[in-house]
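# What follows is a predicted structure for the sequence shown.
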Amino acid sequence: MVTLNPNEEIVRLIREGLEKTGGYCPCRTARTPEYKCMCQEFRDQIKDPEFEGFCHCMLYYKSKDKKAEE
C-alpha cells in the first residue's frame, strides 16, 4: 500500500517543490520523464513485493503488501 508521508511538514514542502518544478521531483536536478512525480524509480520499487520504504523525496511511503505475507 502506498501512502503519503505522515509528516505533514515534509508533504507540504515537497508539494511546494513539485509546484515550482512543474511536477518533477524537487530533489533532482534533471527534468526528465523518469523524474516526473511519481518517479520511475519509486514505481519500480512499488512493483517489488519485498520493498518497503519512502520514495526518493520522501513524499510517499510503500508498505509491504499484507496479502503477500499471509
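Received, thanks.
# Low-confidence stretches in this protein?
By pLDDT under 70, the weakly predicted segments of the chain are 65-70.
# Where is the longest helix in it?
Across the chain, the longest stretch assigned as helix under DSSP state H is helix 8-21.
# Residues contacting that one, please?
Residues from elsewhere that reach helix 8-21 (Cβ atoms under 8 Å, 6 or more residues apart in numbering): 4-5, 24-27, 31, 37, 57-59. Backbone N, C-alpha and C define where each C-beta goes, glycine included.
# all helices of this protein, in order?
Using DSSP H, helices in the chain cover 8-21, 40-47, 66-69.
# Just send these back as JSON lines, with distance to G53 and mean neighbour count too.
Shown next, in JSON lines, are the helices of the chain (distance: least, Cβ to Cβ, whole Å; neighbours: other Cβ atoms under 10 Å):
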{"stretch": "helix 8-21", "distance to G53": "14", "mean neighbour count": "14"}
{"stretch": "helix 40-47", "distance to G53": "7", "mean neighbour count": "14"}
{"stretch": "helix 66-69", "distance to G53": "16", "mean neighbour count": "8"}
